[in-house]
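Chemist: just the structure for this:
(chains A, B, C and D)
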Number of protein chains: 2
Amino acid sequence: MSPTEPGAARATIYDVARAAGVSHQTVSRLLHGFTGIRPATRERVERALIELEYRPNLAARSLASNGSRRIGALVYELLEVGPRKTIQGASDAARRAGYLLDIVTLDPTDDAAVDEALTIMRGQDLAGILAFAPMDLLGDRIRQADFAVPLLIEAIVDPGASADDGPDAPTDAGMDAVVDHLVSLGHRDIFFVSGPREWSASRYREEAFVAALRRHGLHPRGSAEAEWSAASGYRAGLSLPLELGITAVVAANDQVALGLLRALAEQGIAVPHEISVMGFDNIPESEYFQPPLSTVSVDYEQKGRILMNSFLALIGDAHAAAETAERRNPPQLVVRSSTAPPPVGRP
Amino acid sequence: MSPTEPGAARATIYDVARAAGVSHQTVSRLLHGFTGIRPATRERVERALIELEYRPNLAARSLASNGSRRIGALVYELLEVGPRKTIQGASDAARRAGYLLDIVTLDPTDDAAVDEALTIMRGQDLAGILAFAPMDLLGDRIRQADFAVPLLIEAIVDPGASADDGPDAPTDAGMDAVVDHLVSLGHRDIFFVSGPREWSASRYREEAFVAALRRHGLHPRGSAEAEWSAASGYRAGLSLPLELGITAVVAANDQVALGLLRALAEQGIAVPHEISVMGFDNIPESEYFQPPLSTVSVDYEQKGRILMNSFLALIGDAHAAAETAERRNPPQLVVRSSTAPPPVGRP
DNA sequence: GGCGGTAATGTTACCGGAAACATCGCGCGC
DNA sequence: GCGCGCGATGTTTCCGGTAACATTACCGCC
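Modeler: Numbering: from 1, shown residues only, chains lettered A, B, ... in the order given. From the prediction side, this is the model:
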């Protein structure tokens, strides 16, 4: 295990074969786990492999086998916390299966950038493409691009989704926890500030909210659309229909909740005494908001791992498919100071 | 430009050559901008290229030319805002130069993970490696790993650095703006909460702070070390040496500032009336903190682009080097409500 | 003891490009 | 009129693997 000579070229299987006194094919076979090799031969080759610090040349491998070990990941430019961690998890899972994630970030609203990114991916002989920006528009565009490789667009693969959810009854254990918490505090008039509705994930989250309310025999007190950001949460917070008697607001994520908190503070509305606010994601900062935010913590990394594993299964990597059986971590309710029972004297 | 037949194999230069009635080498030459090709021939080939929707196979290209168009990026697992945008910018610049960034995230404290990541990169025949986690420990480790490819570890490439800064006088226009702002408000006793000191960027930022103060004839009123996070900022905020008569605190980034704000609020210390707080980075959320945070906005994407361009120059891509001349955007001071003149009656 | 069968290994072709080298054809100078 | 030089293009080889096919060598059996 001596360090490689600085200028030394990387050893090829031919070098290894020569050193071991076998043919390069024997080396190749051994590398692929072929069992029919005599122990003596095997040992010689293995020693040579270590001796020469052999590392496969992936370019040659993918050229020859016509199947690369790279997966393209298309991600939304401004990585929100959820997607970011999802990608982290997916990247880990890919690495564990011997794949590498080629991450291409793009601004999904910039057609030219999207096309450019797609063109680049085309030339990269990828095993497949995983799109992490579940916007309807982007999804269509990618599908149209007609890659010759497997394509998986991140859909509703929520770690907390219960097993039996049908397409007509979206369920999200995280959203259930949010609604259960507020209802158990006594809230009945709850407003929802959604993410951008052209994101399928956003629509899904809102539907899950409605479904969760319905299970309590309640209906939403209206909703507004934001953009995942504090700024848009702030705007939504300024035009909250307070006259409807709402006592709680659920935000699509913690950033939106932050904007809401500020808007309410500026209007002199006390949180949580007059209105409760809940976030979603539990970003590290949310504990230090004013007031500290009640939210739910979702294991996005696991979500990413699961997503990647199902992708690997899709492209036919059996080994990886086995790992899919990871037990899903349910979302955790995090109760802090932005939620409280509704003010007395209100219906 | 008809869409590719779904099942159609990708065209190779041989296919193009046959279609154009030339040799594959002529195609290859044309693709590389070789000028000595007769216009008539050139046109035929170009038409065939378009007709067949030729896309180069990068695996073959890198195998043959022994130089790939991929750049490995080693990034710290928990991407802070700055690094994240830096990578975004670097990725864009790379893409524009025809390179793709292979992003490998890692937890720099987990030796096994680091080694694993390095091993993976080894097999990826990369044009070079760009490390975005400027921690001393990680840097050493990467250097030891002895890649046979160019390696650039993100160092002090601050977009706002003035042209004439010597190694002994670190300068950061962003930090200058922070200090100038506070001093012009009348502050003279300023405390600094740094990022982790094993990050060279963090140390550099602190040195720049000290240098900026010195230019005003002042000295820091002490400092504490945090970890880029709100939680550590909060802890630092609880043990602030208020007895020293400090009137302002500068945080290494906005998250730390958020923690500080909360800690001060809990101690009943009014911001900005008793103590001013400044952040660094201007994350989108900082406008909605309580109170809205004064900070500086840094063009990290540009920093990434510049970094990538100098990297491309390093690995000898002349085309890219030309682009390096991008004019640097100076950091912008963003004054909000967390800073004010120091309380009267104090020295 | 020669033959068929199979396990272990070797040989050759091929993937899609790039580089080195070879060839062709034409204008020009002597 | 012929050879030379050079521009334009073609041919071959190589990059480092994988896959298909070929070849040993040894075994058991009739």
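
Chemist: and the nearest residue to residue A:25 once chain neighbours are set aside, how many neighbours?
Modeler: Distances taken as Cβ to Cβ, 6 or more residues apart in numbering or on different chains put residue A:17 closest to residue A:25, at 8.0 Å, once the chain neighbours are dropped. Using the backbone N, CA and C atoms, a C-beta is placed for each residue, glycine as well. Neighbour count of residue A:17, defined by other Cβ atoms under 10 Å in any protein chain shown: 18.

Chemist: and the helix or strand that contains residue A:17, what other elements does it pack with?
Modeler: Element membership of residue A:17 [criterion: DSSP states H and E] is helix A:13-20. When contacts are defined as 3 or more Cβ pairs under 8 Å, 6 or more residues apart in numbering or on different chains; DSSP states H and E, helix A:13-20 packs onto helix A:24-31, helix A:39-51.

Chemist: so how far is that helix from its chain's centroid?
Modeler: Computed by Cα atoms, centre = their mean, to the nearest Å, the chain-centroid distance of helix A:13-20 equals 43 Å.

Chemist: next: stretch A:71-84.
Modeler: The answer for stretch A:71-84 is 7 Å, by Cα atoms, centre = their mean.

Chemist: now the helices: where do they sit in the stretch 101-250 of chain A?
Modeler: Along the stretch 101-250 of chain A, counting by DSSP state H, counting those that start in this stretch, helices occupy A:111-122, A:136-145, A:173-185, A:200-215, A:230-238.

Chemist: so which bits of the longest one are buried?
Modeler: Neighbour counts over helix A:200-215 (16 or more other Cβ atoms under 10 Å in any protein chain shown) mark A:200-213 as buried.

Chemist: and that helix, average pLDDT?
Modeler: Taken as a whole, helix A:200-215 carries a mean pLDDT of 91.

Chemist: now that helix - C-alpha only, PDB.
Modeler: C-alpha atoms of helix A:200-215 as PDB (Å, rounded to 0.1, in the frame of the first residue of the first chain):
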ATOM      1  CA  SER A 200     -46.900  18.900  -7.800                       C
ATOM      2  CA  ALA A 201     -45.400  18.400  -4.400                       C
ATOM      3  CA  SER A 202     -47.000  21.600  -3.300                       C
ATOM      4  CA  ARG A 203     -50.400  20.600  -4.600                       C
ATOM      5  CA  TYR A 204     -50.100  17.300  -3.000                       C
ATOM      6  CA  ARG A 205     -49.300  18.800   0.400                       C
ATOM      7  CA  GLU A 206     -52.300  21.000   0.200                       C
ATOM      8  CA  GLU A 207     -54.500  18.100  -0.700                       C
ATOM      9  CA  ALA A 208     -53.100  16.200   2.200                       C
ATOM     10  CA  PHE A 209     -54.000  19.100   4.400                       C
ATOM     11  CA  VAL A 210     -57.600  19.100   3.200                       C
ATOM     12  CA  ALA A 211     -57.800  15.400   3.600                       C
ATOM     13  CA  ALA A 212     -56.500  15.500   7.100                       C
ATOM     14  CA  LEU A 213     -59.000  18.200   8.100                       C
ATOM     15  CA  ARG A 214     -61.800  16.200   6.600                       C
ATOM     16  CA  ARG A 215     -60.900  13.200   8.800                       C
END
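
Chemist: re the thing from before, need the helices of the stretch 101-250 of chain A in JSON lines (columns: distance to residue A:342).
Modeler: Shown next, in JSON lines, are the helices of the stretch 101-250 of chain A (distance: least, Cβ to Cβ, whole Å):
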{"stretch": "helix A:111-122", "distance to residue A:342": "45"}
{"stretch": "helix A:136-145", "distance to residue A:342": "36"}
{"stretch": "helix A:173-185", "distance to residue A:342": "7"}
{"stretch": "helix A:200-215", "distance to residue A:342": "15"}
{"stretch": "helix A:230-238", "distance to residue A:342": "18"}
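
Chemist: nearest to DNA strand C, out of these?
Modeler: Counting by Cβ to the nearest atom of the strand, DNA strand C lies closest to helix A:111-122 out of those; the figure is 11.1 Å.

Chemist: and that closest one with DNA strand C, contact?
Modeler: No. On the criterion Cβ under 7 Å from any atom of the strand, helix A:111-122 is out of touch with DNA strand C, staying 11.1 Å away.

Chemist: list the contacts of that helix.
Modeler: A:72, A:74, A:102, A:104, A:106-108, A:129, A:138, A:141-142, A:145, A:147, B:55, B:95, B:100 (Cβ atoms under 8 Å, 6 or more residues apart in numbering or on different chains).

Chemist: quick one: that helix to chain centroid distance?
Modeler: With Cα atoms, centre = their mean, you get 21 Å for helix A:111-122.
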